[in-house]
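A.B. asks: Sequence plus predicted model, see below.
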Amino acid sequence: FDRNGSSLCSCDFSGKTMTSLFLFLFVTTGALLSLKLVASQGDEEESCAGDCWCVPKANRRCPREGARFFLDDQQEVGELIGYYTSLREPENPIELLPEGCSTPFANVAAAINGDLSSICTGVTDTTADDEMQCLKKRGQRMNRDPLGRGGGAKWGWNRRKGLTEVCAFQYSEDCSSYGLVTYSCRREAEACGALVTHEGPCGVCSSAQDLGVNLNPGVDVAAFLCGTVPLGILQTQGLDPTNQAYFTTYLALATTCFKGELDLSTVPNAVTVSFTEECAKVWAGNTVSTFLACTAPLPPGNAENVCSPVSPPIPPQLPDCSLDACIECDETISGPTFQEFSGRTRRRSGIVPRDLSPAALKRQCNTVANLGPQNTICSID
């Protein structure tokens, strides 16, 4: 792994390559050790208390921006949003499984059904089944399991070694279409001519359209509105918050909002987003899950509610760079499930909210992938 936590695994483990690598490391080890202090100083700039774009670990300085994409140039952001949203759905859209399931969030499924019979348990598989053939065409070899279990589609050995899976766009030759493919690491994706768009396996939010939405600096505000506006509608309908119909309707309205199909014309300064169908379901499920766990009335003995449905979308950054209790609750309760099913998040995509974002928060540096959507292999002209 490099200094930014990026996977540097190689597909070629032939004897010749390994011998060359050993000699290279032997010759350069002394030089690397002698340059350690200089490299550290050159790669690090400021502490979190200053103008660092992220929150460094204790006693660490601010890392370089690297290949990450910062939302601070309105024209560049607009061009990228236009390009990625124009690609729309991939050739192999990812869906929530089993077919017809309601939500991947257990507390939401229980609230709308009274049990977990409608919970989503997975997503469509996008692992590169023909990757071995692709790499052979390029004169490279796959890692082989020393225990004889082989390489191929499952990548179990690589994962146990700590290598980072990535989701990539596999473009057609004329760049008019693309498919989503999960590779074991960046180099394997690049060897097959694919564009890595986020770390972690592909999910329902990995499409180009959803990437374009994540580039919208106002997506935090839009997410807040998609959580609060449906609550106002529910109140006017007089639904009982303890009734299953309340949460069934809440989930449906929130999903409609995240698809960009809910009327927000009466909301001042409203920001709308248009996630794909399955991605909108996950965003909506995350919203209702956080409402249930962090906002809605809780049983006696549970922790106090830490989120207010009428608070600003994102509280100011706390002086010590820690997260507000509401955001912490959301990330603890809903975050793991959201990441598992969405695939794409802004941090996994190397997108850093900054000057153009009205609700930007600094995040831990090592959670932001060192890649960016501007590194496209197809023209955006």
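C.D. replies: On my side now, so go ahead.

A.B. asks: Which stretches in the stretch 101-250 of the chain count as strands?
C.D. replies: All strands of the stretch 101-250 of the chain, identified by DSSP state E, counting those that start in this stretch, fall at 122-123, 166-171, 178-183, 195-199.

A.B. asks: Let's have the ones you listed in JSON lines, adding mean pLDDT, mean neighbour count and distance to residue 282.
C.D. replies: C-beta: built from backbone N, CA, C; applies to glycine. Below are the strands of the stretch 101-250 of the chain laid out as JSON lines (pLDDT from 0 to 100; neighbours: other C-beta atoms under 10 Å; distance: least, C-beta to C-beta, whole Å):
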{"stretch": "strand 122-123", "mean pLDDT": "97", "mean neighbour count": "18", "distance to residue 282": "9"}
{"stretch": "strand 166-171", "mean pLDDT": "95", "mean neighbour count": "24", "distance to residue 282": "15"}
{"stretch": "strand 178-183", "mean pLDDT": "96", "mean neighbour count": "24", "distance to residue 282": "15"}
{"stretch": "strand 195-199", "mean pLDDT": "95", "mean neighbour count": "25", "distance to residue 282": "15"}
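
A.B. asks: Any buried residues in stretch 283-300, and which?
C.D. replies: Using 16 or more other C-beta atoms under 10 Å as the test for burial, stretch 283-300 gives 283-296.

A.B. asks: So which of these sit within strands?
C.D. replies: Using DSSP state E to define strands, no part of these is located there.

A.B. asks: out of these, who's nearest residue 71?
C.D. replies: When the buried residues of stretch 283-300 are ranked by distance to residue 71 (C-beta to C-beta), residue 283 comes first, at 18.7 Å.

A.B. asks: The closest one against residue 275, yeah?
C.D. replies: Yes: counting by C-beta atoms under 8 Å, residue 283 does reach residue 275; the two are 6.0 Å apart.

A.B. asks: list the residues that contact both of these two?
C.D. replies: 205, 258 (C-beta atoms under 8 Å, 6 or more residues apart in numbering).

A.B. asks: and residue 220, how many neighbours does it have?
C.D. replies: The number of residues packed around residue 220, counting by other C-beta atoms under 10 Å, is 20.

A.B. asks: thinking again about what came up before, could the strands of the stretch 101-250 of the chain be laid out in CSV, adding distance to residue 361?
C.D. replies: As requested, the strands of the stretch 101-250 of the chain are exported to CSV (distance: least, C-beta to C-beta, whole Å):
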stretch, distance to residue 361
strand 122-123, 27
strand 166-171, 24
strand 178-183, 28
strand 195-199, 19
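
A.B. asks: Provide a list of residues in contact with the closest residue to residue 356 other than its chain neighbours.
C.D. replies: Closest residue to residue 356 apart from its sequence neighbours, by C-beta to C-beta, 6 or more residues apart in numbering: residue 217 at 3.9 Å. By C-beta under 8 Å, 6+ apart, the contact set of residue 217 is 71, 77, 353, 356, 357, 358.

A.B. asks: Could you identify the buried members of the residues you listed?
C.D. replies: Here, 16+ other C-beta under 10 Å leaves 71, 77, 353, 357 buried among the contacts of residue 217.

A.B. asks: ok, now how distant is the last one from residue 221?
C.D. replies: Relative to residue 221, residue 357 is positioned 9 Å away (criterion: C-beta to C-beta, to the nearest Å).

A.B. asks: And for the second one?
C.D. replies: In this structure, residue 77 and residue 221 are 15 Å apart, going by C-beta to C-beta.

A.B. asks: and if you look at the first one?
C.D. replies: Distance of residue 71 to residue 221, computed by C-beta to C-beta: 13 Å.

A.B. asks: Based on its surroundings, how many neighbours for the closest residue in space to residue 318 that isn't next to it in sequence?
C.D. replies: Once flanking residues are discounted, residue 318 sits nearest to residue 324: 6.5 Å by C-beta to C-beta, 6+ apart. For residue 324, the neighbour count with other C-beta under 10 Å is 17.

A.B. asks: go on, residue 233?
C.D. replies: 15.

A.B. asks: pretty sure it is touching residue 252, no?
C.D. replies: No: taking contacts as C-beta under 8 Å, residue 233 lies outside contact range of residue 252: 10.5 Å.

A.B. asks: so what's in contact with the two at the same time?
C.D. replies: Common neighbours of residue 233 and residue 252 (C-beta under 8 Å, 6+ apart) do not exist.

A.B. asks: quick one on the thing from earlier: against residue 291, how distant is the residue nearest to residue 318?
C.D. replies: 16 Å.

A.B. asks: ditto for residue 235
C.D. replies: 13 Å.

A.B. asks: Quick one, grab the pLDDT at residue 48.
C.D. replies: We have a pLDDT of 44 for residue 48.

A.B. asks: scratch that, residue 127
C.D. replies: 92.

A.B. asks: Please read off the pLDDT at the nearest residue to residue 353 once chain neighbours are set aside from the model.
C.D. replies: Residue nearest to residue 353 in three dimensions, not counting chain neighbours: residue 360, with 3.8 Å by C-beta to C-beta, 6+ apart. With respect to pLDDT, residue 360 has a value of 78.

A.B. asks: mind listing the helices for the stretch 251-381 of the chain?
C.D. replies: 277-290, 325-333, 335-342 (DSSP state H, counting those that start in this stretch).

A.B. asks: which parts of stretch 337-353 are buried?
C.D. replies: Here stretch 337-353 shows 337-339, 341-353 as buried, counting by 16+ other C-beta under 10 Å.

A.B. asks: Closest to residue 127 out of those residues?
C.D. replies: So of the buried residues of stretch 337-353, ranked by how close each gets to residue 127 (C-beta to C-beta), first place is residue 343, at 12.6 Å.

A.B. asks: wouldn't that closest one be in contact with residue 168 here?
C.D. replies: No: using C-beta under 8 Å, residue 343 is not in contact with residue 168; the gap is 11.4 Å.

A.B. asks: Please name whichever of the helices of the stretch 251-381 of the chain is nearest to residue 61.
C.D. replies: Nearest of the helices of the stretch 251-381 of the chain (C-beta to C-beta): helix 325-333, 25.0 Å.
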